[in-house]
Structures are given as C-alpha cells and as structure tokens.
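Visitor: predicted coordinates and the sequence they were generated for:
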Amino acid sequence: QQQVKQSPQSLIVQKGGIPIINCAYENTAFDYFPWYQQFPGKGPALLIAIRPDVSEKKEGRFTISFNKSAKQFSLHIMDSQPGDSATYFCAAAGAGSYQLTFGKGTKLSVIP
Amino acid sequence: DAGVIQSPRHEVTEMGQEVTLRCKPISGHNSLFWYRQTMMRGLELLIYFNNNVPIDDSGMPEDRFSAKMPNASFSTLKIQPSEPRDSAVYFCASSLATGNQPQHFGDGTRLSIL
C-alpha cells in the first residue's frame, strides 16, 4: 500500500528526445507527488511537484502529468539535453506528512 | 546560502568499528531526516527529527544504529558496531517544516565497511 512503483529502471534517449518516466501508487491518501533529480555524487534535489487537484504542471522543460483515477503520474522532459543525464526519483506523501515514499529511481542517459 | 553539509564525504572502515556521520542542516530548517541509499532498496528513511526531537525512528534497522540532534544546527548518525551490510550512501536532509515542504539533501556520506 505504501509503495510507489517507478519505471523504467533505465532510459537512453538521443538529445532532443522526450524521455518519459512513469510512477504508480496504491495509497489513495497520497496527496503530494514530487520528483527529485540526482546527479552522481550528489544528493537528490527537488525538481518539480504536483498535487492531485491538477492534471498537469510545467516548469521549463519538465512536465508532470497526473491521472488521479489511474493512480499514476509521469515526468516528461522536453528537448532533453546531455546535462539532463541523472537519476530521477518520483515520490509521494500524504497531506501534510513529512514522510516521502520514493520510487526506486530511473537512470536517464541523454546521448549527444 | 549554504546547503546541508555532511561529513565525512567518504568513510572506509573495518567491520566492528564505530562510525559517526555528521550533518549540519540549513539554518532555520526545523525538520531533519537521515536516509540510506542502496541499489537494492533505494532511498530509505531512517529517522526524522522535528525541532531537535526524534519523531519517527521506525526506519532505523537495528539497535546498532543511533541518531542524535543535540541542537538545531547539528545531528549525528552512529553505527556501532559496523557491519559490511551497512555499506551504503547515507544522506541527511532538512526542510522548513512538515506539511510537504521540499526536503534539501546533503551530498551524502559514502560508507564502506570492509
């Protein structure tokens, strides 16, 4: 019930492509869905977050799509660049909760 | 602004030794988290402090692990005695408060127990 399932584990795209990372959850009490980006040797950093009252949120080249009925959300990276190569984690938390449940991560490689 | 500062960045020690990891949260943040990251298990929350008080330590794997936060600007995670299966990257994170605030992570301590 507490799991967040993330796919794929790894992803390779050409520069300019649109990688899509998917996450699914079971716990209907989850109310906050952030995505974190982690570069090698660094800690995760918040990239973008969404709440279930909206179906889509964009920040620059990054877009979260949210499907409440399917209990799924995804990250799209438009016009991907080699500098976007990193591991991406989806996460979920209940309303007002401190506890983030993380997906297992997706290692993205953007090749020139 | 300085981010979350962790030390040491790397630690290699022999099984049975005591290991102490250190964390300085972002000034003004009153929530602090310790995580462990491994390939097999991903990111796991070990313990959460709010206003220097441990609120949830259910993720601490066993009694060999302990954490303290003596003041708002310092926390430690101690493993005694250490075992090879404790090898992982340990992250400290801080946030302004609970209520879905962004967690700011340090760069981690890569721990290797031989």
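Guide: Thanks, I have the structure now.
Visitor: which parts of chain B sit against chain A?
Guide: B:4, B:31, B:33, B:42-43, B:45, B:48, B:50, B:55-56, B:91, B:93, B:95, B:98-100, B:102-108 (C-beta under 8 Å from any C-beta of the partner chain). Bear in mind the C-beta positions are built from the backbone N, C-alpha and C, glycine included.
Visitor: now do the same contact list for the residue in chain A that chain B sits nearest to.
Guide: At 3.0 Å from chain B, A:Gly43 is the closest residue in chain A, using C-beta to the nearest C-beta. If a contact means C-beta atoms under 8 Å, 6 or more residues apart in numbering or on different chains, then A:Gly43 has B:Val4, B:Phe91, B:Ala93, B:Phe105, B:Gly106, B:Asp107, B:Gly108 as its contacts.
Visitor: circling back: out of the residues of chain B next to chain A, name the ones that lie in strands.
Guide: Counted as lying in strands by DSSP state E, out of these, are B:31, B:33, B:42-43, B:45, B:48, B:50, B:55-56, B:91, B:93, B:95, B:104-105.
Visitor: kindly supply the ChimeraX command isolating those of the residues of chain B next to chain A that are buried.
Guide: To isolate the buried ones among these in ChimeraX, judged by 16 or more other C-beta atoms under 10 Å in any protein chain shown, type:
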select /B:4,31,33,42,43,45,48,50,91,93,95,98,100,103,104,105,106,107,108
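Visitor: where does the chain have low pLDDT?
Guide: Going with chain A. Scanning chain A for pLDDT under 70 picks out the ranges A:1-2.
Visitor: sorry, I should have been clearer: chain B.
Guide: In chain B (pLDDT under 70), the answer is B:1, B:98.
Visitor: please, where are all the helices along it?
Guide: Counting by DSSP state H, one finds no helices in chain B.
Visitor: in space, not sequence, find me the middle residue of it.
Guide: Centroid-nearest residue in chain B: B:Trp34, 3.1 Å away (criterion: C-alpha atoms, centre = their mean).
Visitor: who's in contact with that one?
Guide: Contact partners of B:Trp34, counting by C-beta under 8 Å, 6+ apart, are B:Cys23, B:Leu45, B:Leu46, B:Ile47, B:Ala67, B:Ser75, B:Leu77, B:Tyr90, B:Phe91, B:Cys92.
Visitor: I'd say the fifth one and B:Tyr90 touch.
Guide: No - with contacts defined as C-beta atoms under 8 Å, B:Ala67 does not count as touching B:Tyr90, sitting 10.5 Å away.
Visitor: what's the overlap in contacts for those two?
Guide: B:Trp34, B:Leu46, B:Leu77.
Visitor: dig out what the last one forms beta bridges with.
Guide: Translated: B:Leu77. B:Leu21, B:Ala67 (DSSP bridges).
Visitor: check contacts around it.
Guide: Per C-beta under 8 Å, 6+ apart, neighbours of B:Leu77: B:Thr20, B:Leu21, B:Cys23, B:Trp34, B:Leu46, B:Ile47, B:Phe65, B:Ser66, B:Ala67, B:Tyr90, B:Cys92.
Visitor: just the buried ones from the residues you listed, in ChimeraX syntax?
Guide: Entered in ChimeraX, the line below selects the buried ones among the contacts of B:Leu77, by 16+ other C-beta under 10 Å:
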select /B:21,23,34,46,47,65,67,90,92
